[in-house]
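Visitor: sequence-free structure coming up:
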């Protein structure tokens, strides 16, 4: 039987479909370019592979392609009837997110992880700056994120993805030394992991080690495809380090070259939040001449939100 990278069975008889699915999941977990193509290849190899369909639906959702995401989620639900109970519940959790039912998704994910703690895709839905806990409205969302990671940590040991998110969760909960150490270890385990690079950038920022954070990102970013999910946001972090040095011109140049909406391939939520928050900081710092940039961001927000 085919299995995913976390040794969970996959309902597909196609070795090639399973391999493409594993690649797609790793691209998602590392915020790396290629998840959409990998899931598409998995579907071509096995059109009945429910998890490949829900993975592709999630990529559509992140790219604000809501109609496509819902169609593929519905297809995944139909196909999951022939899959294992674990896969059916996996599909239900991710479909609930795609269909705008976050409270249902949180409850279902927490229950699912009690039985299948190594279902990393489901766990990942709870985590992150735009994850279910962060968007729940709960004042204790940082503590909740860390608690769920601590609950399942023994099942992951030094997995490169989990180590990165465990570190980021510690950092966001205020445990900066532990968060930075885990994030540095995650980058060592797999350098092609934008989520780990992001977590490490946060830890350095929170520790006030801005120069070191900028040095790290400037060394790391050249190997990162600019079409990947977090590319613009990691440049946003470098802009913050420029602002910390009162270098407003460099921060604005980063905005214009890497972040502003025109022609950016990143998910719309990242583009909108990074753009607005960086312009706001530039304005607070006294930078003039931002009116046209504000109009562009406002128009982008109207278009997508």
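Guide: Noted; the coordinates are in hand. The shown structure was predicted, so the numbers you read here are calculated from the model rather than taken from an experiment. Numbering: from 1, shown residues only.
Visitor: Show me the domain layout of the protein.
Guide: As assigned by automatic domain parsing, the chain contains the domains 1-126, 132-229, 238-305.
Visitor: Generate a markdown table for the ones you listed, with mean neighbour count as supplementary columns.
Guide: Using the backbone N, CA and C atoms, a C-beta is placed for each residue, glycine as well. Below are the domains of the chain laid out as a markdown table (neighbours: other Cβ atoms under 10 Å):
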| stretch | mean neighbour count |
| --- | --- |
| domain 1-126 | 20 |
| domain 132-229 | 19 |
| domain 238-305 | 16 |
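Visitor: Format those as TSV; extra columns: mean pLDDT.
Guide: Listed next are the domains of the chain as TSV, based on pLDDT from 0 to 100:
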stretch	mean pLDDT
domain 1-126	97
domain 132-229	95
domain 238-305	95
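Visitor: is it true that residue 128 touches residue 141?
Guide: No: if you go by Cβ atoms under 8 Å, residue 128 and residue 141 don't touch, sitting 10.9 Å apart.
Visitor: any residues in contact with both of the two?
Guide: Shared contacts of residue 128 and residue 141 (Cβ atoms under 8 Å, 6 or more residues apart in numbering): residue 134.
Visitor: need the helices for the stretch 1-150 of the chain, in chain order.
Guide: With helices called from DSSP state H, counting those that start in this stretch, the stretch 1-150 of the chain shows them at 15-29, 35-45, 50-62, 66-80, 85-98, 102-115, 120-126, 141-152.
Visitor: And the second one, how far out from the chain middle?
Guide: Centroid separation for helix 35-45 versus its chain: 19 Å, with Cα atoms, centre = their mean, to the nearest Å.
Visitor: quick thing: my sequence starts at 874, can you match it?
Guide: Shifting the count to begin at 874 puts that one at helix 908-918.
Visitor: how close does the closest residue to residue 897 other than its chain neighbours get to residue 1152?
Guide: Distances taken as Cβ to Cβ, 6 or more residues apart in numbering place residue 911 nearest to residue 897, at 3.4 Å, with adjacent residues excluded. Separation of residue 911 from residue 1152 (Cβ to Cβ, to the nearest Å): 35 Å.
Visitor: Also residue 1125?
Guide: 9 Å.
Visitor: got JSON lines for the helices of the stretch 874-1023 of the chain, with distance to residue 1176 too?
Guide: Output for the helices of the stretch 874-1023 of the chain, formatted as JSON lines (distance: least, Cβ to Cβ, whole Å):
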{"stretch": "helix 888-902", "distance to residue 1176": "25"}
{"stretch": "helix 908-918", "distance to residue 1176": "21"}
{"stretch": "helix 923-935", "distance to residue 1176": "17"}
{"stretch": "helix 939-953", "distance to residue 1176": "13"}
{"stretch": "helix 958-971", "distance to residue 1176": "20"}
{"stretch": "helix 975-988", "distance to residue 1176": "23"}
{"stretch": "helix 993-999", "distance to residue 1176": "26"}
{"stretch": "helix 1014-1025", "distance to residue 1176": "28"}
